[in-house]
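Visitor: no sequence for this one, just the structure:
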């Protein structure tokens, strides 16, 4: 049914195993949003009857999702009125991707952290509005899936709604939210993240390894557009600081090469000697040579008695050592500082271990709110020292009452995994 509605009426409807698997995958993405919400709502039991969020307390991503929800409802209404249901399916798939790969990714911690209940309620309400719109719009297309979500979630958090999604009204836009540039700003921020992620992957730098700086070569106006998303960008990329550079040239080092065509008549038999002298120049010497060449001044190279006209040289550029960069689709240059300090390496080790512990928690079949006790042993002295330094942080991340280093427990599950350059054994049991 989903495949049928998604096919333009002017075209043949094609069916097959691969097409069926693709449709299943897309619907699974939608179902996973429901599962995520339901998992935490089962614990916190939010109720939206009579609830109106404080707009001033909403984050930029909250406002973005509400505006995107309104946009989705508006487009779906227009397409249905025009009998183009296949376009609704396309918009639905894009919207689900936006919810899953942006809103939930950047706000996941708000659903399980304790302390700020009002902020958590805003996050629940925002995600609920998007999920509710999807359920109502897709009810004619996927009647059983949407009815299941309606009965098991929508009616639980909004008890006064209709008995069935198929008895409910078509969704309407949420009042008080207008696009004041947030959609475009978000798209720019996501492009920055996607480009930086691509750079990480190309240079095999794991996301769990923190880096010190993200450089963005952009004008003041462009940089301000993404500045409001700075925390989201840094959290997604696991980077400490975002720095604006107005000229991508500051991320490069200039150096001189011999222009053989022009230098032959001037240097004669010393052309190769000059080439070797430039290759052996220190960074300070090369900076001086390039500065004079770019200024049009004669260049005196170490090992030569005479200064030579800059026309016999070519000024070249290369990315600075420790810097890797790439260009976004809108031509903005993004660069990462890949130099790792000891503190960054330690933090990467801790993040890697926390990730492995979370996977073991999940494999053990624990509920997300289950408190645990963990034991970690077998790693190198460096790894174990780094983990012990961050014990409090790890306990908070893992909902652990205690983490025993170098010891053993009567575990529900024990696994050995690789962390850094060593293997560690991780055990877990219920607290």
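Guide: Structure received. Being a predicted model, the structure only gives us computed values, none of them experimental. Numbers count the residues shown, from 1 in each chain.
Visitor: quick one: residue 253 and residue 317 touch, right?
Guide: Yes. At 6.9 Å, residue 253 counts as touching residue 317 under the criterion of C-beta atoms under 8 Å. Backbone N, C-alpha and C define where each C-beta goes, glycine included.
Visitor: who has more neighbours, the two?
Guide: Higher neighbour count among residue 253 and residue 317: residue 253, with 16 against 13, using other C-beta atoms under 10 Å.
Visitor: excluding its backbone neighbours, what's nearest residue 60?
Guide: Distance criterion C-beta to C-beta, 6 or more residues apart in numbering; nearest residue to residue 60, sequence neighbours excluded, is residue 228 at 5.4 Å.
Visitor: Report the separation between the one you found and residue 40.
Guide: 26 Å (C-beta to C-beta, to the nearest Å).
Visitor: How about residue 373?
Guide: 23 Å.
Visitor: Around the residue nearest to residue 51 when sequence neighbours are not counted, how many other residues sit close by?
Guide: Leaving aside its chain neighbours, residue 51 sits nearest to residue 125 (6.4 Å; criterion: C-beta to C-beta, 6+ apart). A total of 18 residues lie near residue 125 under the criterion other C-beta under 10 Å.
Visitor: Likewise for residue 329?
Guide: Residue 329: 8 neighbours (other C-beta under 10 Å).
Visitor: And for residue 4?
Guide: When neighbours are counted by other C-beta under 10 Å, residue 4 comes out with 13.
Visitor: What of residue 16?
Guide: Residues near residue 16, counting by other C-beta under 10 Å, number 9.
Visitor: go on, the one 5 residues further on?
Guide: One way to gauge burial is a neighbour count; for residue 21, by other C-beta under 10 Å, it gives 10.
Visitor: For the protein, which helix extends over the most residues?
Guide: Once the chain is assigned using DSSP state H, the helix that runs over the most residues is helix 17-44.
Visitor: Pull out the buried positions in that helix.
Guide: Residues of helix 17-44 classed as buried: 23, 26, 27, 30, 31, 33, 34, 36, 37, 40, 41 (neighbour count, 16 or more other C-beta atoms under 10 Å).
Visitor: Now do the phi/psi pair for the residue nearest to residue 60.
Guide: Per-residue torsions, residue 228: phi -70, psi -20 (degrees, to the nearest 10).
Visitor: what's the pLDDT at it?
Guide: With respect to pLDDT, residue 228 has a value of 90.
Visitor: you'd agree it is up against residue 63?
Guide: No. At 10.4 Å, residue 228 and residue 63 do not qualify as touching, with contact defined as C-beta under 8 Å.
Visitor: and the two? which has more neighbours close in?
Guide: More crowded of residue 228 and residue 63, by other C-beta under 10 Å: residue 63, with 18 against 15.
Visitor: Could you measure from the more buried one over to residue 179?
Guide: The value you get for residue 63 to residue 179, if C-beta to C-beta is used, is 9 Å.
Visitor: What distance do you get for residue 15 to residue 23?
Guide: 10 Å.
Visitor: Now do the shared contacts for these two.
Guide: residue 3 (C-beta atoms under 8 Å, 6 or more residues apart in numbering).
Visitor: I figured residue 360 hits residue 424, correct?
Guide: No. Taking contacts as C-beta under 8 Å, residue 360 lies outside contact range of residue 424: 11.0 Å.
Visitor: I'd guessed residue 65 sits against residue 126; true?
Guide: Yes. The criterion here is C-beta under 8 Å, and residue 65 meets it with residue 126 at 5.3 Å.
Visitor: who touches both of those two?
Guide: Common neighbours of residue 65 and residue 126 (C-beta under 8 Å, 6+ apart) are residue 103.
Visitor: more crowded one of the two?
Guide: Applying other C-beta under 10 Å to residue 65 and residue 126 shows that residue 65 carries more neighbours, namely 27 against 24.
Visitor: just the helices in the stretch 301-431 of the chain please.
Guide: Along the stretch 301-431 of the chain, counting by DSSP state H, counting those that start in this stretch, helices occupy 342-363, 381-389, 391-398.
Visitor: mind checking how far residue 21 is from residue 48?
Guide: Counting by C-beta to C-beta - residue 21 and residue 48 are separated by 36 Å.
Visitor: I meant residue 214, not that one.
Guide: Distance from residue 214 to residue 48, by C-beta to C-beta: 37 Å.
Visitor: So for the two, which sits in the more crowded spot?
Guide: More crowded of residue 214 and residue 48, by other C-beta under 10 Å: residue 214, with 22 against 19.
Visitor: next one: phi and psi at residue 300?
Guide: phi -100, psi 110.
Visitor: residues contacting it?
Guide: 306, 307, 308.
Visitor: Any stretches of the protein with poor pLDDT?
Guide: Within the chain, the stretches with pLDDT under 70 are 113-115, 248.
Visitor: need the strands for it, in chain order.
Guide: 211-217, 239-245, 252-258, 313-319, 323-327, 333-337, 372-377, 400-405, 413-419, 422-430 (DSSP state E).
Visitor: I'd like these written out as CSV, with distance to residue 80 added.
Guide: Putting the strands of the chain into CSV (distance: least, C-beta to C-beta, whole Å) gives the following:
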stretch, distance to residue 80
strand 211-217, 41
strand 239-245, 42
strand 252-258, 53
strand 313-319, 51
strand 323-327, 40
strand 333-337, 40
strand 372-377, 48
strand 400-405, 50
strand 413-419, 49
strand 422-430, 50
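Visitor: Among these, which comes closest to residue 346?
Guide: strand 413-419 (11.8 Å; C-beta to C-beta).
Visitor: from the chain's centre, how far out does the closest one sit?
Guide: 26 Å (C-alpha atoms, centre = their mean, to the nearest Å).
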